[in-house]
Each structure stands twice: as structure tokens, then as C-alpha cells.
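In: Sequence and predicted structure, then a few things I'm wondering about:
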There are 2 protein chains.
Amino acid sequence: MALLPVAEALERVTGGLTPLETERVALDRGHGRVLAEDLAARLTQPPFDASAMDGYAVRAEDVAALPATLNLVGQAAAGAGFTGRVGRGEAVRIFTGAPVPDGADTIVIQENGDEVSGRVTVKALSSASHIRPRGQDFTAGEILLTAGTRLGPRELMLAAAMNHAALPVRRKPKVAILATGDEVVPPGSKLVPDQIVSSVPLGLAALIEVHGGEAVPLGVAKDTLESIVTLARAGKSADILLTIGGASVGERDLVATALKSEGLKLDFWKIAMRPGKPMLYGRMGAQRVLGVPGNPVSALICAHVFLLPMIARMLGLAEAARPAPEAVLGEPLEANGLREHYMRARSVWSEDGTRTVRPLPSQDSSLQAALVRADCLIVRAPSAPALTKGARVKIVPLDPD
Amino acid sequence: MALLPVAEALERVTGGLTPLETERVALDRGHGRVLAEDLAARLTQPPFDASAMDGYAVRAEDVAALPATLNLVGQAAAGAGFTGRVGRGEAVRIFTGAPVPDGADTIVIQENGDEVSGRVTVKALSSASHIRPRGQDFTAGEILLTAGTRLGPRELMLAAAMNHAALPVRRKPKVAILATGDEVVPPGSKLVPDQIVSSVPLGLAALIEVHGGEAVPLGVAKDTLESIVTLARAGKSADILLTIGGASVGERDLVATALKSEGLKLDFWKIAMRPGKPMLYGRMGAQRVLGVPGNPVSALICAHVFLLPMIARMLGLAEAARPAPEAVLGEPLEANGLREHYMRARSVWSEDGTRTVRPLPSQDSSLQAALVRADCLIVRAPSAPALTKGARVKIVPLDPD
């Protein structure tokens, strides 16, 4: 079986995935969710011509010649407008955000007015009218947030200002995490020889949640068909079954064999990728199955390259406007082998914003401490030629995760 | 009262702030938290010399001349090592991650061996030994994560591999949010004239949580001393009291007056900043009080510039290694006025990673829809000279929030 190129594997893994169903969430539960529909404003903002400054609402013709002394006939504040009309020779004290009273068409900023016993003398005039016209920010019915937008603080703030109390968002993709291995024990265990501490499920659960999915940890299966099947069944309702481990020759067959007995249609299990060659992918009914290596570094990189795009598709996330980021090599690179290589690398930013990357000294995929020192991956195409220092390379940023 | 420069205001606002107390959280609750202590590995990884490949564990001297045929005397898998010793003329089938058996010092990768009825014929040898020495990743007692690190998926994965079940983290800074305004109503309300929809508390709550704080919404106070005092008392246990609104002349006095009756020592309430001039700051006992304008754009920018650094200090967050980011101007800029200006701007990334920014056409701080179209703020120092297209400017990124 020839090794599958990463791009083709990615196409198969994300192929046919469509956004999940829509659900409504209250605004204060909306952070990080992805909008399922275009969102139209439910009001016009500002709803009236409003003052942009603290000062005095006047008629332009009354201040054509300066200084001009006007009678103060009232006050207009945000939430408490002046209900009368500003007549000839009259002014209304006004505060930022207040409706401009009928009759007035100009705001004199307060620094330009002297107020004495019910009268204001206007000494100077700025060129601007200091009036925010009705609808300057947005008008009712206008679409201000589009489907596929991830909701951050500013988007939520705007949705509130648009007078929405709840929002239509995509259901979170459920990712059930099935780890395997007789030797795997929970963190904090007293270890006996040959045991290793489970770390991948926890890290991938956090990664899934950060990117808008819902992680459902199923636990660690023993290396028996029965144990794997039992856990897989517990994760049946998930959109994606993510298996971890079973990467070595004997084990891989175990996971694939167990899931085949549950209806898995295996698509591929070897990709031209480093690290991560023995990755498994297929479908089990409506569920997608992705099997990443048990090695933490390989598992995390495979999740970045394959799982996150799956989640993004299920969320209907709009494509990023930003092109795939690049960086400048801080040292030469040797020619690459036959597999697409995701090299752990560390960046230095210069003041002009240039990101210079250097691969970590060892690319051994068993080095987990090094993965934390890395902040991005340098992507090298199969058989890519050697590069000199200063060459541009494609990267996958790892921060913020 | 002269306007206070932003840098000095920031110094006062963050001055004397020290990291909050330490608490322990289970690993699966650790995401986004900040490590309070250096974290040492509780084990050595790998705990033994381990095979880096699937293949055969042999003695180098037995494969000095090729081909060489060896007797297979056992198998070593991860979690199930070979307990015997590899003697002269012997080999052990071995899998990635398994302990290298006593006696063996070389791994022959499986592609280089032909296995027939209990014997393996080694045809070729790679230059590497394919053995990961004990402790190659890390050794017990080694500090791999330092105090002040924010815990993302990779850090949690490493902490697990270090055999920690729980982690010492900083308590989340509690920020009580007190909005004001008779005219302010909750999102989704049927509006009558002069009412405006509350949007800032919700947006700032999300911003606070993203940056590792705990938001405590107190609700919207009426424009009376009593109402403000009542809500402020409800937020007494918070580390920071964040007031919103009270930015116009009359209102500002109301918030300050109300809080003074509760013991507020006002530090400043006017800064040389645009937008955001009427910002209030002081202390009320052990509590810090920050008052941002009610205007959503100003409120969000003040929170980015002042509140987030306060939270970072309370979390003991390590300073970012990355310098304050810069970008390239996509169009000329006029000279700045007397206040530090935070201009809403939109970026375009070129393939070489350069970020080109253009200020939005209108910088009116009442335009909330525009705030969402912006992805960063261009920072302009007081009285900064005009700049030409292509000049470099300091920016504050708004994404990811």
C-alpha cells in the first residue's frame, strides 16, 4: 500500500462534511460558538440624530455671527431627551448620546460656550456639526454578522447592541476520545516498570474544546478486541471517534479489527507524513473515525493537521481571510525525504514583525518536552530541496492553541 | 486637571499588583490557567533505553558482517518488555517504545530483516542505533514548565506525561462588572424611545474570561447614588470593580460620588487617550476600581489597554517573549493630536507574513459595527507626526480576543 499524500488524506478526511444542525444559545453562553445564520440588526443605531459631544444644541443661523448669546430652554441627556423645540435665539444643554432636539442642527462643544444665569454665550465654533446621524452605526435589517463567524467578545457585544438575546449557532461537534494500551495508566499513578502515563487524551480534549468541539473522553481500552469495542460503543453518539494508539504494527491491527467488527469502513491507514505515518481513517455508519498514533508529539500534530479541519467543517466556520502563514528560516534546512515533514520549530519575532523560525535540534517524535518549547511547525513538502537561511517556509502556528 | 499620559496611567493602574494566591486544580480543569510554581518532572522519560523503531534488538558485533542470521529468542513490546538477555547470535523482535533488552545495543529496522521460522536474516544496517536513551526527553526532578506559564493543550499534555494529576495555579482574578444608566435595557427588550440596549457588560465579561479572569456581572445600576452603592457592595469580594458608564459630565460625578461614600480613593479620572478620555481609576480598600466609558468602543479599548494588564499581573503571567507587534501602514496617516490615539484598523497579510494595516474610514467611537470589522488598533503617540504609506506602526491585535 503506497503512502497517501497529506493533501489527499486531508481531502478524504474532510470530504462530504457539512455544518451540523443549528441550536440557539443565550448571548452569555455564546462565546466561542460559530454563528449558523446571518444576523440582522433588530434596531437602528443611533435611533435618532444624536449629539457626539457634551455642549449646546443650537440653530446654525443663530451662531453665524460670533459671539452670540442664546437663551437656555432645557436639557437633553442620553435617556432623557428634550421634548420641546429649539427656537430662534434658543439653546439646549446637551450631553453625548442625547437626541438632538427638533429645531437644532448644530452642537456647540461645551468648551466653546460660557454659561451664565440661564444664558450661554457662544465664543467659537468648530467645523464639524458634532451630530451622529440616525443609523450612522447600523440600520434595522442590516446584516452585521455573517454565518460562519466565530463569536468573540466584540461580536457578542455587537449582537447585544443589535438587540439579540439569543443567537443561532452550530451544535458543537462531539469528539469521543478512545485511548488504548495495557501499559497506559492515569497521571499521578505510582508506576511499575513498562507502564506509561496517559497524556494524549487530556491534551487533545483541551485542543478540541479550544477549537469549538465537545470532547467526550471514553477512557483507556485494554489491548483486547472486546475492550476496544466496549469503549467504541460508548462513543457511538459522537460525530467523530478519535482513537489514540495502536500505532505499532501489532496494535494497529487490533484497533482496526475491533472497529471493523462494528462496521468500520477503513479508508486509509498510512500517510506520507512525518511524524504520524500510521494514521487510520474511515467511517463507521455516520461517524467518522480518526486514529492517531499514541506518541504524544505525533498525536498532537495529526490532530492539528486533520482533526481541526474536520471540526471547522462541522462548525461551518468561514475560511480564514489570512493566508497560510509563512516565516523566514533562521538557519539552513536539509532536503526533505519522501514524507511531508512537520518540523517542531521555535520563532523569534523582530521588531518589524518578521517571524524567524529555527527547527528544534532534535525532531525525534518521542520528545514531548521539546513540543512545548516549539511554537510552530515548519511544513516541508515531500522531497523538498535543501533551503538556505533566509528562505521562506510555510508554518502551522501552535500558539494560541 | 491635566490629562494623564497613557503610559503613566497604566503604571498607576498596575502598580503594586502581585500574583494572587495559589490553588490546585485537576489536570482536566487546568486549561487556560496560569502555573503558580515551577513544575518538575515526577519521572524520567523514557524510563529506560527504548527502541525508536519496529525491528529487531541485536548485538552490534553480531551484525558487523552482513548478511547475518540470528536466532529469535523473544519479543519486546511497549508495556511488555523482554525479561531475558540477548546473547551472542540472538535477536529479539522489538516494537517502538519497548525497552531495549539487556545485551542488545542496536535496533535493526524491520525492513532490513527477513524473518523465517524463528530466525531473522539481517541484510542491511542503518547508520543510527535507533535507540532512545533513558531520560532523552526528560529526567525526574527536571523543571519543564515554569511559573507564569499559561496552560494550553501541549502544556497540559506534558504535565500529564510528567505524572502530575493536579497543578498549582493562580486563583482567577474576580472582576465585578457594574453598569450604570437609567436608559439601559437588556438585549432582546422591546425598546421605547431613549432606551439603549446593554452590550458592554456582556462583551467585557467574555473578554475577561478569555484572558483568565472570572467575570461577576452585577447588573445595571439606576442613575442614583443608592442604586450604584447597592450594586458596588454586592461586588465587594471582587479583586477589581469595573464600572461602565458615567462617562458624561453629570454621570461621572455620580459614580465617583457613590463610590467615594464607600471609601473610594480616586487616583485619576481623565487620561490623554482617544477614545476613552474620561476613565476613572482608584482604590476602595483592597479593591481596585476601574471605570470605563459607557460607549462600547471606548469601553473595549480601555479594557484592552488597562484591564487586561491588571489581570495579567494578578495571574503572575510571564511577560510575552514576543515584542509589541508592529505592522506596515497601507496608507498615509495624518499627524496625531494631543491624546494617544487607538485607531480601529483592518489588516491584510501578504504571503511573506507582512501585516499591512489601514485605519477604518471613520474613527467615531460610537460605531460599534466598525469595531467588529477591525482586527487591531493602531497606536499613535500624542503629537505623533504624519506618516507615509509603508511606515511601521505599533498595533494592539484584537483577534483572537
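Out: Received the coordinates, thanks. Numbering: from 1, shown residues only, chains lettered A, B, ... in the order given.

In: in chain A, which spans are helices?
Out: Listed in chain order, the helices found in chain A under DSSP state H are A:6-14, A:153-161, A:200-210, A:225-234, A:249-260, A:296-302, A:308-315, A:368-373.

In: nearest to A:Y56, of those?
Out: Proximity to A:Y56, assessed across the helices of chain A by Cβ to Cβ, is greatest for helix A:153-161 (27.9 Å). Backbone N, C-alpha and C define where each C-beta goes, glycine included.

In: name the helices or strands packed onto the closest one?
Out: Other elements packing on helix A:153-161 under the criterion 3 or more Cβ pairs under 8 Å, 6 or more residues apart in numbering or on different chains; DSSP states H and E are strand A:143-145, helix B:200-210, helix B:296-302, helix B:368-373.

In: To B:G263, which of the helices of chain A lies closest?
Out: Using Cβ to Cβ, these put helix A:153-161 closest to B:G263, at 30.6 Å.

In: Which one of the helices of chain A has the poorest average confidence?
Out: Ranked by mean pLDDT, the helices of chain A bottom out at helix A:249-260, which scores a mean of 77.

In: returning to what we had before: most tightly surrounded among the helices and strands packed on helix A:153-161?
Out: helix B:296-302 (a mean of 27; mean count of other Cβ atoms under 10 Å in any protein chain shown).

In: what packs against that helix?
Out: helix A:153-161, helix B:200-210, strand B:287-292, helix B:368-373.

In: first to last residue in stretch A:33-48, what's the distance?
Out: Terminal residues of stretch A:33-48 lie 33 Å apart, using Cα to Cα, to the nearest Å.

In: Flag every buried residue along it.
Out: A:33-37, A:39, A:41-47 (16 or more other Cβ atoms under 10 Å in any protein chain shown).

In: got CSV for these, with pLDDT and distance to chain B too?
Out: Compiled in CSV, the buried residues of stretch A:33-48 are given as follows (pLDDT from 0 to 100; distance: Cβ to the nearest Cβ, whole Å):
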residue, pLDDT, distance to chain B
A:R33, 98, 11
A:V34, 97, 14
A:L35, 98, 12
A:A36, 98, 18
A:E37, 98, 16
A:L39, 98, 11
A:A41, 98, 8
A:R42, 97, 8
A:L43, 96, 6
A:T44, 95, 10
A:Q45, 92, 7
A:P46, 90, 7
A:P47, 89, 7
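
In: can you tell me which of those are in strands?
Out: A:L39 (DSSP state E).

In: pretty sure A:G84 is in contact with A:A104, am I right?
Out: No - in this structure, A:G84 is not within contact of A:A104 by Cβ atoms under 8 Å, at 10.6 Å.

In: From A:T69, how far off is the residue lying farthest from the centre of chain A?
Out: Distance from the centre of chain A peaks at A:S117, with 56.9 Å (Cα atoms, centre = their mean). Distance, A:S117 to A:T69, by Cβ to Cβ, to the nearest Å: 11 Å.

In: Is it correct that A:T388 is in contact with A:E331?
Out: No - judged on Cβ under 8 Å, A:T388 makes no contact with A:E331 at a distance of 9.2 Å.

In: the more surrounded of the two?
Out: The neighbour count for A:T388 versus A:E331, taken as other Cβ atoms under 10 Å in any protein chain shown, is higher for A:E331 (12 against 9).

In: What's the local residue count around the nearest residue in space to A:L207 that is not next to it in sequence?
Out: In space, and not counting its chain neighbours, A:L207 is closest to B:P153: 4.0 Å by Cβ to Cβ, 6 or more residues apart in numbering or on different chains. B:P153 is flanked by 24 other residues according to other Cβ under 10 Å.

In: do the same with A:L387
Out: By the criterion of other Cβ under 10 Å, A:L387 has 18 neighbours.

In: what's the closest non-adjacent residue to it?
Out: A:L333 (4.5 Å).

In: how about that neighbour, what does it touch?
Out: A:P359, A:I378, A:R380, A:A386, A:L387, A:A391, A:V393 (Cβ atoms under 8 Å, 6 or more residues apart in numbering or on different chains).

In: sorry, back to before: save the helices and strands packed on helix A:153-161 as TSV, and put in distance to B:A234 too.
Out: Converted to TSV, those look like this (distance: least, Cβ to Cβ, whole Å):
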stretch	distance to B:A234
strand A:143-145	32
helix B:200-210	14
helix B:296-302	21
helix B:368-373	28
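
In: So for B:D28, which of the ones you listed sits nearest?
Out: For B:D28, the closest of the helices and strands packed on helix A:153-161 is helix B:200-210, at 18.1 Å, according to Cβ to Cβ.

In: tilt between the closest one and helix B:308-315?
Out: Following axes from the mean of the first three to the mean of the last three Cα atoms, to 10 degrees, one obtains 40 degrees for the angle between helix B:200-210 and helix B:308-315.

In: Kindly list the single helix or strand of chain A that scores lowest on mean pLDDT.
Out: Least confident element among the helices and strands of chain A, by mean pLDDT, DSSP states H and E: helix A:249-260 (a mean of 77).

In: Report the residue spans of the stretch 251-400 of chain A with pLDDT below the cut-off.
Out: Low-confidence regions of the stretch 251-400 of chain A, defined here as pLDDT under 70, cover residues A:251-252, A:321-323, A:352-353, A:400.

In: please redo it, this time with the cut-off set to 90
Out: Along the stretch 251-400 of chain A, the model assigns pLDDT under 90 to residues A:251-254, A:268-271, A:276-280, A:293-295, A:318-327, A:348-355, A:362, A:364-366, A:399-400.

In: which one is the spatially most central residue of chain A nearest to, not counting chain neighbours?
Out: Central residue of chain A (Cα atoms, centre = their mean): A:R150, 5.6 Å from the mean position. Leaving aside its sequence neighbours, A:R150 sits nearest to A:V34 (Cβ to Cβ, 6+ apart; 5.3 Å).

In: so what's that neighbour up against?
Out: A:V34 touches A:G148, A:T149, A:R150, A:L151, A:V169, A:R170, A:G212, A:L315, A:G316, A:L317, counting by Cβ under 8 Å, 6+ apart.

In: do you know how far the nearest residue to the first one once chain neighbours are set aside is from A:R150?
Out: When you say that, I think you mean A:G148. Excluding the flanking residues, the one nearest A:G148 by Cβ to Cβ, 6+ apart is A:A318, at 3.3 Å. Remark: distance between A:A318 and A:R150 (Cβ to Cβ) = 8 Å.

In: can you check A:V175 too?
Out: 18 Å.

In: One more: A:Q287?
Out: Applying Cβ to Cβ to A:Q287 and A:R150 gives a distance of 25 Å.

In: Next: A:L231.
Out: From A:L231 over to A:R150 the distance is 31 Å, taken as Cβ to Cβ.
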